[in-house]
Each structure stands twice: as structure tokens, then as C-alpha cells.
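K.L.:
Here is my input, please return the structure:
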Amino acid sequence: MGRHTPACTDPQHHVHDADAFVREVERVCAQRGLRLTAIRASALRLIADAGHPVKAYELLDLMKASHEGAAPPTVYRALDFLLEHGFIHKLASINAYVGCHHPGAAAHAVPFLICDRCQSATELEDASVVESLETRARELGFAPRAQTLEVHGLCARCAGG
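P.N.:
Predicted coordinates:
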């Protein structure tokens, strides 16, 4: 299975560099009065540095290198915090996590293109897709709280294009 850097379709308007991403999350935590513990920061850094969507047990294995007492509940608590505050996204269909390209923004919908071969995840930043889904949901009387759209297929590299 290949490893690709998480991609997006709007690299001009978000944090892509792992160091800058972690600094931005630290800034947002300070601004919001949130406690970014060493374990949470470590999980965030490992996800940012991975270059691909990270599964929880892969993250646990990585964390054990620097945190001897790391156990599944420790990792899941860190992931829950990072998810709750919008610093990472969970790709439910592949049960993996990626950093949020907009860690300082209010909650927002995120469509992802996920390659079934290499497991790369491309954040599709298209406001019209998000607005269309939210508008249609409200028309049906549904009050959306969160939205992650996952589209599966083959990336350009794996499709040979």
C-alpha cells in the first residue's frame, strides 16, 4: 500500500506544513482556553507527520515510542479531544484520522476523495458541494451538525493518469 501526503484542492487557504499545523492548533487552544496536553499534542504531531490517514492502533504503536504508558484508552481520549474541537477529521469508511486543514475555523463540512488502493485522502474544498448538501438538508427539516462526505475510487496516480 502506497503512502501519499494528504492532499487538498485549495492549498492556498489552510495550514499544510506539519509544524505550522501544530503551532496553529496550539494557538487556537490557547485562544479558546483548551488544554493541549502532552499526549494530545503528541497524537496531533504524529497525525500531522504521517503523510497519510492514520488508524488508531497505528497511532498507538507510534505513541509507544515516546510515551511508555500509552494504551488504547489514552489514544482514544486524545483523538476524541482533537475531533471534538475540529483539529482532526475521522474518515469513518477507512476508520482513520487526518489533520484538519482549517484548525482555527468554526465547524465546517469536509468532502474527501479516498483512494481504495493507496488509502490517500484528498480534502475536496468546494463550497458549492457543502452548501448544496446543507441547503437540501434544511429544506427537509434536518438540522445538520457535522458533515463528512467520503467518496471512494482511485486517485490519479493509482489509476495511472
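K.L.:
if I pick the closest residue to L91 other than its chain neighbours, what's in contact with it?
P.N.:
Of all residues not flanking L91 in the chain, P53 sits nearest, at 5.5 Å (CB to CB, 6 or more residues apart in numbering). Glycine gets a C-beta too; all of them are placed from N, C-alpha and C. Shown in contact with P53 (CB atoms under 8 Å, 6 or more residues apart in numbering): P6, L91, I94, A96, Y97, V98, I114, Q119, S120, A121.
K.L.:
farthest-separated two in these?
P.N.:
For these, the maximum inter-member distance is 14.1 Å, found between Y97 and S120 (CB to CB).
K.L.:
Can you show me the strands along the protein?
P.N.:
7-8, 88-91, 96-99, 110-115, 121-123, 148-153 (DSSP state E).
K.L.:
Can you tell me which of these is most buried?
P.N.:
Burial of the strands of the chain is given as mean neighbour count (mean count of other CB atoms under 10 Å); strand 96-99 ranks first at a mean of 24.
K.L.:
Tell me the helices and strands packed up against it.
P.N.:
Other elements packing on strand 96-99 under the criterion 3 or more CB pairs under 8 Å, 6 or more residues apart in numbering; DSSP states H and E are helix 38-50, helix 72-84, strand 88-91, strand 121-123.
K.L.:
Using PDB, list the CA coordinates for stretch 135-155.
P.N.:
Output in PDB follows, covering the C-alpha atoms of stretch 135-155 (Å, rounded to 0.1, in the frame of the first residue of the first chain):
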ATOM      1  CA  THR A 135     -29.300  23.600   1.900                       C
ATOM      2  CA  ARG A 136     -31.100  20.400   0.900                       C
ATOM      3  CA  ALA A 137     -30.900  19.000   4.500                       C
ATOM      4  CA  ARG A 138     -32.500  22.200   5.800                       C
ATOM      5  CA  GLU A 139     -35.200  22.000   3.100                       C
ATOM      6  CA  LEU A 140     -36.000  18.600   4.500                       C
ATOM      7  CA  GLY A 141     -36.200  19.900   8.000                       C
ATOM      8  CA  PHE A 142     -32.900  18.400   9.000                       C
ATOM      9  CA  ALA A 143     -30.500  20.400  11.200                       C
ATOM     10  CA  PRO A 144     -27.000  19.300  10.200                       C
ATOM     11  CA  ARG A 145     -24.400  19.400  13.000                       C
ATOM     12  CA  ALA A 146     -21.500  17.800  11.200                       C
ATOM     13  CA  GLN A 147     -20.800  16.500   7.700                       C
ATOM     14  CA  THR A 148     -18.000  14.400   6.300                       C
ATOM     15  CA  LEU A 149     -18.600  13.200   2.800                       C
ATOM     16  CA  GLU A 150     -16.400  10.300   1.700                       C
ATOM     17  CA  VAL A 151     -16.100   9.400  -2.000                       C
ATOM     18  CA  HIS A 152     -14.200   6.200  -2.900                       C
ATOM     19  CA  GLY A 153     -12.300   5.400  -6.100                       C
ATOM     20  CA  LEU A 154      -8.800   5.600  -7.400                       C
ATOM     21  CA  CYS A 155      -6.500   8.600  -7.200                       C
END
